[in-house]
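In: Take this sequence and fold it.
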Amino acid sequence: MPSVSVPGRPHGLLYSALLPQVTENPTTAAQFARRVQTLKEKVHFGSVLFSCHVRKINRFNKSQDRAILITDQHLYKLEPRKQYHVMRAVPLSTVTGVSVTSGQDQLVVFHTQNHDDMIICLHKTHPEKDNRIGELVGVLASHFKATKRELQVRVSDCIQLSLHGRKRLVAVEMCREQAFPDFGKSRDGFVLYWPGR
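Out: Okay, here's the model as predicted:
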């Protein structure tokens, strides 16, 4: 895999497989590593592109803590409280693009061919609130380029998405009282409440 330059990090180093590292994931790094090994034995993927704890919207439009694992074959949604049990596997071949905002928030929407997009906020990073968006987009763009596919990257402060085929919007609000990032409902879809100064 080609190296990715990440702002604020030494050039040429890869920081994509973060959750197996004790510094990033002190209490459950070993559990995550075991899950990755089990998946590798089952699916025979080539490499891990990215992993992170996230806050996400579930199918009942509620906010929950999860983790994502992106390999060269799939985007996995995992349940950290159940030894990173796989809750959803999305073939990377069905991901058409990603949308992010222009701010410091860690909001990402993965757009898919079946119009059932995934809304997440990168969460519980070490150091706290470390910006991983550039890294995520960089490793995905490199992988798509290597497989001769185009990754559509959109930057917008009000992201349009599709959930179960229905159009929704997600925006970000800075919230001084907010201790950690969380999603709420809005008239047009969802809002990510991002801890403000």
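In: Can you get me a residue count around residue 81?
Out: Neighbour count for residue 81, taken as other Cβ atoms under 10 Å: 10. C-betas here are computed from N, CA, C, even on glycine.
In: can I assume it sits in a helix?
Out: Yes. Judged by DSSP: H, G, I helix; E, B strand; the rest coil, residue 81 forms part of a helix.
In: Now do it, the pLDDT please.
Out: Listed pLDDT for residue 81 reads 92.
In: buried sites along the helix or strand containing residue 162?
Out: Residue 162 belongs to strand 158-163 when assigned by DSSP states H and E. Neighbour counts using 16 or more other Cβ atoms under 10 Å place 159, 160, 161, 163 of strand 158-163 among the buried residues.
In: Could you verify my assumption that residue 160 touches residue 188?
Out: No. The criterion here is Cβ atoms under 8 Å, and residue 160 misses it with residue 188 at 9.4 Å.
In: quick one: common contacting residues for those two?
Out: Listed as contacting both residue 160 and residue 188 by Cβ atoms under 8 Å, 6 or more residues apart in numbering are 168, 169.
In: if we can go back for a sec, just give the strands next to the next helix or strand after the strand holding residue 162 in its sheet, each with its orientation.
Out: Following strand 158-163 in sequence order, the next helix or strand is strand 166-175 (DSSP H and E). Here strand 166-175 is paired, per DSSP bridges, with strand 158-163 (antiparallel), strand 189-195 (parallel).
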